[in-house]
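Participant: Please find the sequence and the predicted model below.
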Amino acid sequence: MKDKNIVEVNYHRTGKSTNTDELGMREMQARVYQHRNSQYLLVKAPPASGKSRALMFVALDKLANQGIKKVIVAVPERTIGRSFADTELVKYGFYEDWKIDSQYDLTLPGKDEGKVKKLVDFLKSPTGRILLCTHATLRFAYEKVADDHAFDDVMVAIDEFHHVSSEDSSVLGTALKNIMHNSTAHIMAMTGSYFRGDSAPILSPEDEQLFDKVTYTYYEQLDGYQYLKSFGIDYKFYQGSYLDALDQALDTSKKTIIHIPSINSSESTKDKYNEVDAIFDAIGEIVKRDDKTGIYTVKSKQNGKLLKVADLVNEEGREKVQNYLRDDLKGPDDLDIIVALNLAKEGFDWPWAEQALTIGYRHSLTEIVQIIGRVTRDSSNKTHAQFTNMIEQPDAKDGDVEYAVNQILKAITASLLMEQVLAPEIHLRRRKHKNQKPTGDTDILIRGLKDPSSKRVKSIIENDLPDLKAAILQDSDVKNGIAANVDAEVMNKELIPKVIMTRYPDLSNEEIEQVSQYAVADTVLRHAVVDTAKDGQGNTNEFLKMADKFINVDDLDINLIESINPFQRAYDVMSQNIDSDTLRIIERSIDAKKYNFSEDELVQLYKNAKLFYEKNGKLPNKESNNEEEVRMAYALAKISDLKARRGNQNG
């Protein structure tokens, strides 16, 4: 397995995102506070940017100055509640500290039934000001209250907002919608994800437009750190059991969170306890286990160092371990490795973590963002953060390759999407004349780029491009097009517009073309490498390297940009990291799904292909201009795929 990062982003360590102003607010928090009077506020900001404290500032202002009587803060699970514990704000410049009466901290241990009643009583109480609970408690209490007006003059803050869904089956989503439309409540929603939802959107488009949005990008956050200098994404492809390949991916000199695969996934051995034992063996030799904390001391195989390792998979003693992780982590020497299944993802704070080693592709882009967020916190013990994903690749002797192929494509495309999220912000503008200059440092001028012809298009371009690009990269035809290395015209003029048309059925053809231009240009230019060179007159010019072409920034043209496949790099990554036999299997698997042939058609096309070979001395070519030859080529791919699958079943 190779050690070459697919994504590598470097930052300037300006310290800007962690510095505070005269009110004790970081840059992101001050940006949110400017919108404190908004009735509906949606904050998109990465983990560790200070969203919880931003909520405190806004909530206290609403209680003091905006007629709000009560504040409810809902978190997805109890352990995240500590992010909203009592916090001193006055000594840093704010006018009031954040305090929660312990009777209204419903994330403390206790029975769920009592907590639901406590929330209902809180809504009626003349004295209760701030309450902290889980999403589930809020959901059950809403059903019990059965009166949206109970939330009049109440601020409801929902942390990790991506857990909410607009689907009819989502009780919390329905509660939010009803509270918004039937009460005078104020809503503040916070999420570390840049994607509106992996399957169903969080909010309906109509409700989402009611929210004022504050976005603080990953790049702003990481570029403004004091210590973290770079971040990388690496995929390691293995065959067989991941446990046999783990030692090649594991670096015990790094503070690491290891997430084992879901027991329902193909990567799992279906025995999570034995997997943990095998991981401990890969780390080294167990010396002892602390009875008080549940933490293991393990002597590393790689360097002989004594490591502190936490097991969050085994239920026995897990509460002790969780208590240690919550209360006793004071510095980098207190822990070295965590082994987890579903825990230690969102809301988990271990700032010294350097690497997330995740086995098996995670189907939710939101989950990937959350896992990456565990290691992208600023800490004096690290200058580099790493996300390494171990992915099963299809075996040349194994006919059942479709699942593995799909996982690889999802992993590669997800990494490209994360690279877009982690890169500096850019703003595309139409170049109207030769001497036009950018009005801002992030502006890029493009000749021939269409101006948005409607508010709808402008809104999509300004607010929805990350979600749109996520939808594009998750589209099966686009992924297959990436793996098949289709040319730029097919990708940019057919596959991408088709996704836009599906996502926004209300757009006209002209509007679809405009959105497509911006999506393609934004994707291509974020991957471009900037360089400088002097011309014949000694003037220094900026150049962009796009698909092995060096283009003067002043000569950027939309036709030139659209002549580039924005996902060519994904194919290049696959070619570099996967052997040629596996690439052929992937290509065959994709080709086999190109046409739906009946058995009679396959038989006839096979006979025709034999005759074609006898006559021409070569097999039919799928790139041929002759449609019948193309059909014969794809039929042969389908037959090969079927043979391989049957051989695997018989074996």
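Facilitator: Received it, and whenever you're ready, just let me know what you need. Residues are numbered from 1 along each chain as shown.

Participant: What confidence value was assigned to the most centrally placed residue in the chain?
Facilitator: Nearest residue to the geometric centre of the chain (CA atoms, centre = their mean): residue 369, 3.3 Å. Per-residue pLDDT puts residue 369 at 83.

Participant: Work out the gap between the helix or strand hosting it and the centre of the chain.
Facilitator: Using DSSP states H and E, residue 369 sits within helix 365-373. Offset of helix 365-373 from its chain centre (CA atoms, centre = their mean, to the nearest Å): 5 Å.

Participant: same deal with stretch 100-107?
Facilitator: In terms of CA atoms, centre = their mean, the centre of stretch 100-107 is set 32 Å apart from its chain centre.

Participant: Now the element after the helix holding residue 369, going C-ward?
Facilitator: strand 384-392.

Participant: Just give the strands next to that following strand in its sheet, each with its orientation.
Facilitator: Using DSSP bridges, the strands paired with strand 384-392 are strand 230-238 (parallel), strand 355-359 (parallel).

Participant: Now residue 459: closest residue in space that isn't a chain neighbour?
Facilitator: residue 209 (8.0 Å; CB to CB, 6 or more residues apart in numbering). Bear in mind the C-beta positions are built from the backbone N, C-alpha and C, glycine included.

Participant: low-scoring stretches of the stretch 301-450 of the chain, by residue?
Facilitator: 347, 395-403 (pLDDT under 70).

Participant: Can you list the residue ranges for helices in it?
Facilitator: 318-327, 365-373, 402-422 (DSSP state H, counting those that start in this stretch).

Participant: Where does pLDDT dip in this protein?
Facilitator: 1-3, 165-169, 194-201, 347, 395-403, 529-540, 547-549, 574, 577, 644-651.

Participant: Helix, strand, or coil at the closest residue to residue 268 other than its chain neighbours?
Facilitator: If the residues on either side of it in the chain are set aside, residue 268 comes closest to residue 261, at 4.5 Å by CB to CB, 6+ apart. Secondary structure, DSSP: H, G, I helix; E, B strand; the rest coil: residue 261 is coil.

Participant: Next, the contact list for residue 261, please.
Facilitator: By CB atoms under 8 Å, 6 or more residues apart in numbering, the contact set of residue 261 is 242, 267, 268, 359, 360.

Participant: if you look at those residues, which of them are in strands?
Facilitator: residue 359 (DSSP state E).

Participant: ok, of the contacts of residue 261, which one's closest to residue 133?
Facilitator: Nearest to residue 133, judged by CB to CB, of the contacts of residue 261 is residue 360 at 32.4 Å.

Participant: how near is residue 435 to residue 554?
Facilitator: 10 Å (CB to CB, to the nearest Å).

Participant: just residue 133 next, same as before
Facilitator: 56 Å.

Participant: higher neighbour count, those two?
Facilitator: residue 133 (25 against 15; other CB atoms under 10 Å).

Participant: Other residues contacting the one helix or strand the more buried one maps to?
Facilitator: If you go by DSSP H and E, residue 133 is part of strand 130-134. Residues outside strand 130-134 that contact it (CB under 8 Å, 6+ apart): 59, 63, 70-78, 81, 84, 98-101, 104-107, 115, 118-119, 122, 141.

Participant: are any of those buried, and which?
Facilitator: Among the contacts of strand 130-134, the ones that count as buried by 16 or more other CB atoms under 10 Å are 59, 63, 70-78, 81, 84, 98, 100, 104-107, 115, 118-119, 122, 141.

Participant: Could you tell me which of those residues are located in helices?
Facilitator: Using DSSP state H, the members of these that fall in helices are 59, 63, 115, 118, 119, 122, 141.
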